[in-house]
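Participant: model the structure of this input:
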Amino acid sequence: MEGFESFADMISRIHFLIQKIKNDEMKKYGLHGSDAIFLFALYYHQPEGLTSKELTNLCHVDKAAVSRGLKELMNKGMITREQSDQKVYRLKYNLTDDGMLVAEQFCTKIQSAMDLAGEDMENLDAFNAYLKSMYDHLATFVGETKNEMA
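Facilitator: Sure thing, here's the model as predicted:
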C-alpha cells in the first residue's frame with residue numbers, strides 16, 4: 001500500500017501545483033484558472049476553431065463548465081463565436097487577438113514549467129507514454145468495476 005499512497009500523494013501535489021500555475025497566470029487577465037484549458041485548446045486549434053461540444057470532449061469537462069468558460073472568455077474579449085443560423089452548439093469559437101496573446105503567454109509559461117518538471121528525465125516521451133498507459137488501464141478498470149456494480 002505504501003507505493004500507492006506515495007504515488008497518489010505525488011499526483012495530488014503535482015495537480016495542486018498545476019492548478020496554482022493556471023490560477024496565477026489567468027488572474028493576471030481577470031480570468032479564472034479554469035478558463036486556461038479553453039484558451040489552451042483554442043490556441044492549438046487556430047484558425048479552424050472549436051465547437052462547445054468539441055471543447056467538452058477535448059478538455060474532459062462537462063457542458064456546463066464549457067458554457068460558463070466560453071461566456072466568461074467572450075465577456076472578457078478573449079474569444080469570438082462565428083455568426084451563423086446554425087444551432088449554438090454547432091458554432092465554432094476562435095481566439096481574438098487579445099485571446100491569442102494571452103494564450104501564447106500562458107502556453108510559454110506552461111512549457112517552461114513542464115521543461116523544468118522534466119529536466120532530470122532522460123526520456124520524457126517514454127514517461128508520458130507510461131502515464132497514458134496507466135490512465136488507459138485505470139479507465140478500463142473503472143469501467144469494468146462500474147459494470148460489476150450494475
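Participant: state the distance from the most centrally placed residue in the chain to C107.
Facilitator: Nearest to the geometric centre of the chain sits I37, at 3.5 Å (C-alpha atoms, centre = their mean). Per C-beta to C-beta, to the nearest Å, I37 is found 12 Å from C107. Heads up, the C-betas are built off the backbone N, CA and C, glycines and all.
Participant: then K27?
Facilitator: Counting by C-beta to C-beta, the separation of K27 from C107 is 17 Å.
Participant: which residues touch Y44?
Facilitator: Contacts for Y44 (C-beta atoms under 8 Å, 6 or more residues apart in numbering) come out as none.
Participant: about what we covered before: ok, K27 and C107, which is more surrounded?
Facilitator: C107 (15 against 11; other C-beta atoms under 10 Å).
Participant: in what helix or strand does D85 lie?
Facilitator: In the assignment (DSSP states H and E), D85 maps to no helix and no strand.
Participant: how many other residues sit next to it?
Facilitator: 5.
Participant: what does F7 give?
Facilitator: By the criterion of other C-beta under 10 Å, F7 has 11 neighbours.
Participant: distance between the helix or strand containing it and the chain's centre?
Facilitator: If you go by DSSP H and E, F7 is part of helix 2-27. From the chain centre to the centre of helix 2-27 is a distance of 14 Å (C-alpha atoms, centre = their mean, to the nearest Å).
Participant: one more: stretch 130-149?
Facilitator: Stretch 130-149 sits 21 Å away from the centroid of its parent chain (C-alpha atoms, centre = their mean).
Participant: in the helix or strand of the chain with the lowest mean pLDDT, what counts as buried?
Facilitator: Least confident helix or strand of the chain, by mean pLDDT, DSSP states H and E, is helix 124-149 with a mean of 81. Within helix 124-149, no residue counts as buried by 16 or more other C-beta atoms under 10 Å.
Participant: one more: stretch 5-15?
Facilitator: Buried, per 16+ other C-beta under 10 Å, within stretch 5-15: nothing.
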